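Q: structure for this input, please:
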Amino acid sequence: MKQNILKLGFLLLSLLLVLIIYLSYLQVVKGSDLAANPYNRRLQELEDQVQRGNIYDVRGTALAKTELTGGKGRRVYPGGKDTPQLIGYISSKYGRAGLESAYDGYLLGMEGPDQVRNLINKLLGREQKGGALNLTIDLALQRQAMELLGGRRGAVVLIDTRTGALRVMASSPGYDPNRLEELWPNLVQMEDAPLLNRSVQGAYPPGSAFKVVTAAGVLAVNPGYAAGTFNCPGFLMVGGYKLTDLSAHGEVDLKKAIAVSCNTTFAQLGLKLGADGLYRTFKAFGLDQDPGIGVPVRPGTLAAPSKMIATELASSAIGQGELLVSPLHMALVAAAVANQGVIMRPFVVYSVSDSAGDTIQQTVSRPWFTATTPEITRIIKAGMVEAVSYGTARAVALPGVQVAGKTGSAENPHGQTHAWFIGFAPAEQARLAVAVILENAGGGGAVAAPIAGKMLSAAISKGY
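A: Have a look, this model is predicted:
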């Protein structure tokens, strides 16, 4: 009898120990994830108790704020259709998304000094308040980007090459988050997928814009290619497959191959670089990484070297094949060339303030990847400048400002080519890098480059 009681005691003690370990795991390891889960009902209860903090652009314009009506708060988005995928939303029915979700703890006063302050306020029956987010985004530039996209499926990313501060993260088409619950049934079914943040979650073949990466890889292996010449008859046979070109370019050097976007040259260079070399360069530019800007960024993908046969390698070298990247990643490629090979870690939240207005978190600019060398970037930059002066990127040229650029027209199995442009300005002392994509819109030089030029011009005129 005593033995049975002893066994039962050990069993109960073991179960209690397992329960303690599991609860400790939930509290310590998973606690922050569960607290931040957009479907956590506790967050919705807090919405009714706490005056949620505001989200501001770089010039102090509110992008999200709480308006009190009859003692009840209502979340309002002054940016309307221009910022919804980045800022996100809050809904008792559909959860929360974007920066609203990522920074819930700060906006609801659950972090830093507000955590204690609001506990005291609650005990004393006083109003509880959340902190504020201060972004690097310029709403005026963001609006201009959305106007230029004109409701077409696409994205614009504009970044400060020296710091990594993101000035524009436009994703089109947009939607009005102030009418989220009314629009939701249509939003989730629309073919244009307005809920998708194309600037960071869009997965596209980059087309010829990727030749910048291929050039960096092959020059790292053999700097002598910078002085060599290549013959372009207008096509290249690879494993029985005919890879066609825009035209027969004849004898070209590397800079001219960039300027005229010679597929034949870069397919040859990709084959010389090899699958391992291309994959290594892909990773060196951080294309397979999420830089952690607060909203999820889709890492780029490339066929594994072991599966990259010659045709796939040649296609990937010119931005086709299984290669897929986001507009943010391609803006970072341009920024790497502009910044002598160094990619600064991108960020969109400059600082977080508590409800008293004190800064409790501030982003410090720091390098993220060293993609290539200053010597290599000088060669690639020269080719990108020539692309604007006489090559495929002429439509991006600006009066009084030298622009470096690379166009792309990416084939896809779902219709017309995607139009790409990446570039930076001023070319010699770059401050801004840009990436533009329009889905199924045709040639990058004719469609994406003019948008990029207007965005660079507007940002420079604002002093960026």
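Q: how about the helices in the stretch 1-150 of the chain?
A: With DSSP state H, counting those that start in this stretch as the criterion, the stretch 1-150 of the chain has helices at 2-24, 31-36, 41-47, 84-87, 98-102, 104-107, 113-123, 139-149.
Q: and the last one, which residues are buried?
A: Right, helix 139-149. 139, 140, 141, 142, 143, 144, 145, 146, 148, 149 (16 or more other CB atoms under 10 Å). All C-beta atoms are positioned from the backbone trio N, CA, C, and that covers glycine.
Q: next SSE downstream of it?
A: strand 154-160 (DSSP states H and E).
Q: so that next one versus helix 139-149, what angle?
A: Using axes from the mean of the first three to the mean of the last three CA atoms, to 10 degrees, the direction of strand 154-160 lies 150 degrees away from that of helix 139-149.
Q: so which elements touch strand 154-160?
A: With contacts defined as 3 or more CB pairs under 8 Å, 6 or more residues apart in numbering; DSSP states H and E, the packing partners of strand 154-160 are helix 139-149, strand 166-172, helix 198-201, helix 327-338, strand 432-438, helix 444-461.
Q: what are the pairing partners of it, and which direction each?
A: strand 166-172 (antiparallel), strand 432-438 (antiparallel) (DSSP bridges).
Q: contacts for the helix or strand following the first one?
A: By that I understand strand 166-172. Next helix or strand after strand 166-172 toward the C-terminus (DSSP H and E): helix 180-187. Residues from elsewhere that reach helix 180-187 (CB atoms under 8 Å, 6 or more residues apart in numbering): 89, 91, 93, 94, 175, 176, 194, 195.
Q: quick check on residue 389: phi, psi?
A: phi -80, psi -40 (degrees, to the nearest 10).
Q: count of neighbours near it?
A: Look at residue 389: counted by other CB atoms under 10 Å, it has 14 neighbours.
Q: mind checking how far it is from residue 446?
A: Noted for residue 389: a distance of 17 Å to residue 446, by CB to CB, to the nearest Å.
Q: check residue 381 too.
A: Distance from residue 381 to residue 446, by CB to CB: 23 Å.
Q: more neighbours: which of these two?
A: residue 381 (21 against 15).
Q: rank the helices of the stretch 1-150 of the chain by pLDDT, which is bottom?
A: Sorting the helices of the stretch 1-150 of the chain by mean pLDDT places helix 31-36 lowest, at a mean of 50.
Q: tell me which of the contacts of helix 180-187 fall in strands.
A: Among the contacts of helix 180-187, the residues falling in strands (DSSP state E) are 89, 91.
Q: please produce JSON lines containing the contacts of helix 180-187, extended by neighbour count and pLDDT.
A: Output for these, formatted as JSON lines (neighbours: other CB atoms under 10 Å; pLDDT from 0 to 100):
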{"residue": "89", "neighbour count": "24", "pLDDT": "96"}
{"residue": "91", "neighbour count": "16", "pLDDT": "93"}
{"residue": "93", "neighbour count": "8", "pLDDT": "91"}
{"residue": "94", "neighbour count": "16", "pLDDT": "93"}
{"residue": "175", "neighbour count": "20", "pLDDT": "97"}
{"residue": "176", "neighbour count": "15", "pLDDT": "97"}
{"residue": "194", "neighbour count": "22", "pLDDT": "97"}
{"residue": "195", "neighbour count": "19", "pLDDT": "97"}
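Q: nice, that's everything, thank you.
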